[in-house]
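1. Got a predicted model here, sequence first, then my questions.
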Amino acid sequence: MIQEENVTDTLEEVVTQDIWGSIKEFLNWGFHFGEGENRIDLTIGLLLLLVMTFIIAGFLLKMIRKLFTRRMDVIDTQKFISVFKFIKYVVYIIVVFSVLSVAGVNITPFLAASAALLVGLGLALQELFQDIIAGIFIITDKSLLVGDIIKVEDTVGRVIDIKLRTTRAITRDDKVIIIPNHKFISDTILNYTQNHNTTRESVVVGVKYGSDTRLVEKLLIECAMEQKGVLKKPNPFVLFSDFGDSALIFTLNFYIGDSFIDPSIKSDIRFRIVPTTRCAPISNRTLKSINYYGIGKLSIIYSVLLCLICGFASALAQTTDIARIEYTFLPQHNSNNSINRFRAFVNYPIPMKWEGSYLVPGIEYRNVDLDIEDPVPFETENLRKFQTFRMSMGYTFKAGQLWRLGFKAGVEIVSNFEQRTARASDLRFTGGAFIIRDRSADSIEKKDRLIVGLQYSTNAGRPFPLPIVNYYRKFHPNWSYTVGVPKMNLKHFIGKKSAVQSFISVDGFFSNIQNDLPIPDSEGNLAVADNISMTTIMGGLGYEYFFTDHILFYFYGAYTGYNEIRLRDTNRNSLYKLNEENTFYLRSGIKLKI
């Protein structure tokens, strides 16, 4: 019995002191720092404890993940995994600190030392944390799903991936944008498909004043119904949105099932609108052109800005007139019709800091009264008054002792203004460049002046500028002549106060007709007059009386060799001649010249 007890004690001593002692010695082997309460032991046992704890924690987290995701679909499973990764990292950090604390390591110094670091990281990485938290919210509350169509800062995209920090979407240009998740929390995001895939889209259309509004509505709805991709239910509909500056504004509303491709559907509808209105019975008049609202308005705004930049003008050194007020009268031969025109303009040369250079702003107004008394097969009420408001800016500078260069640009509004306002179609633009050789100074015995240049005007309907040549010569103290366009003359000075001249000159006007005028042709079909023009070539005599060296009165009397007033369509094709017989031409006024 005593022998058995001795064996038991010996075995216990071997296990306790030799085997377990060796294991404990092995586990305690490592690095030891400090003394007492501040002692830190980094041993093999601590390392094994940490590894075992990580394995157990990972196993438990894996079981929890399977437990929660076993009944989720694929998309929800991916979202849960994204959030669960963040939770897993937090658990691992807690495990590390817990193991260190259980092992006798005082973690308070670690927490205290990391406090400042965590604050700094928090400030530096605050957007990162915002993205992660926002990602958790997005995934859990399902405010955004893969496949949703969203609009972020004017960019439309389809969501293809939602991660913890960022969301990826593919744009209509087939480009991938990466969106930080915090934008979905802090900014307003438009989600086209949050409630359903059907969205309402619209196309805004401007229609000419005087159009048949119900016919416009019908045509626009037909365009939408025929378009592939537009839903038949709910039905497309048209709203009469507003009275624009130059058009009646309609909004065509329709529904589509895929808002991601709505720009192409809108474009196709716009393409359908143009031929539809051209082929419609009303296209020649009431729907001469359907433009998107804003084009006409933007054109007017652009023109006003051009006027502000260029100033008020009628420029350049093609003439030496500073200001003029005149009246013109054309009684039509063998007709009760007549034309009266009032014209006034001012050009003001402003000296610049460079010697011999001038900025020449100006403004011009014309009023043409067309008195039509002869019978015609159309209404003439809106053809009786036409007005022109012209502005331009010129600049000229010396390029040598006798040479000078000049440029000008201008804009004008020419219309019958039957709508009581200006429209984009009333606008015309002009521009020109000139080279001037001037030898007309008093110190030069034989005075002459040559002007050569190019001038362009949208009135002409030509895509290229026209050449300008004008030559003036004073070949005798009392005689001079001018050759060029628009006037050629031979002038004789009678003393210092008077002068007479014979001349050949070109005159005329052009104007837009705001509400297109239907005109029946010889076969009874209706054509549409878009504008009116007059061209007159005449020869005659003139008289000038000088009140001072720079202010004079003048009177010109002539007879036309070519006289024509035409109504034309948009392509400048002649539709109807109001007059083509030659007649007398009378013009008189006062002008200030240099």
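-> Right, received. Where do you want to start?
2. what number of residues lie near Glu226?
-> Applying other CB atoms under 10 Å, we find 12 residues neighbouring Glu226. (C-beta placed from N, C-alpha, C; glycine too.)
3. Please apply the same query to Pro486.
-> 13.
4. Could you measure from it over to Gly508?
-> 9 Å (CB to CB, to the nearest Å).
5. How about Pro349?
-> 27 Å.
6. With neighbour numbers in mind, choose between the two.
-> Taking neighbours as other CB under 10 Å, Pro349 and Gly508 compare with Pro349 leading, 18 against 14.
7. Return the set of buried residues in the biggest strand by length in the chain.
-> Scanning the chain for the strand with the most residues, using DSSP state E, yields strand 498-520. Residues of strand 498-520 classed as buried: 499, 501, 503-505, 507, 509-514, 516-517, 519 (neighbour count, 16 or more other CB atoms under 10 Å).
8. average pLDDT for that strand?
-> Strand 498-520 carries an average pLDDT of 89.
9. next SSE after that strand?
-> Using DSSP states H and E, the helix or strand that directly follows strand 498-520 along the chain is strand 526-546.
10. relative orientation of the very next helix or strand once past that next one and strand 526-546 in degrees?
-> Helices and strands here follow DSSP H and E; after strand 526-546, the next one along the chain is strand 551-568. If you take axes from the mean of the first three to the mean of the last three CA atoms, to 10 degrees, strand 551-568 sits at 170 degrees to strand 526-546.
11. strand partners of strand 551-568, parallel vs antiparallel please.
-> strand 526-546 (antiparallel), strand 574-579 (antiparallel), strand 584-593 (antiparallel) (DSSP bridges).
12. by how many degrees do it and strand 498-520 diverge?
-> Using the same axes, to 10 degrees: strand 551-568 against strand 498-520 is 20 degrees.
13. what's the average pLDDT for strand 551-568?
-> 92.
14. Stretch 405-414 now?
-> The average of the pLDDT scores along stretch 405-414 is 92.
15. Dump the C-alpha coordinates for that stretch into PDB.
-> Only the C-alpha atoms of stretch 405-414 are listed here, as PDB (Å, rounded to 0.1, in the frame of the first residue of the first chain):
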ATOM      1  CA  LEU A 405      -7.200  99.500 -92.500                       C
ATOM      2  CA  GLY A 406     -10.700  99.100 -91.300                       C
ATOM      3  CA  PHE A 407     -13.100  96.500 -89.900                       C
ATOM      4  CA  LYS A 408     -16.700  96.500 -89.000                       C
ATOM      5  CA  ALA A 409     -19.300  94.200 -87.500                       C
ATOM      6  CA  GLY A 410     -23.000  94.800 -87.000                       C
ATOM      7  CA  VAL A 411     -26.400  93.400 -86.200                       C
ATOM      8  CA  GLU A 412     -29.800  94.600 -87.400                       C
ATOM      9  CA  ILE A 413     -33.500  93.800 -86.700                       C
ATOM     10  CA  VAL A 414     -35.600  94.100 -89.900                       C
END
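16. Beyond the helix or strand harbouring Gly406, next helix or strand please.
-> Using DSSP H and E, Gly406 sits in strand 403-415. Moving toward the C-terminus from strand 403-415, the next helix or strand (DSSP H and E) is strand 427-439.
17. Compute the inter-axis angle for the helix or strand just after that following strand and strand 403-415.
-> For strand 427-439, the succeeding helix or strand toward the C-terminus, using DSSP H and E, is strand 447-457. Orientation check (the same axes, to 10 degrees): strand 447-457 against strand 403-415 gives 40 degrees.
18. Relative to whichever helix or strand comes after strand 447-457, what are the paired strands and their orientations?
-> For strand 447-457, the succeeding helix or strand toward the C-terminus, using DSSP H and E, is strand 466-476. Here strand 466-476 is paired, per DSSP bridges, with strand 447-457 (antiparallel), strand 479-484 (antiparallel).
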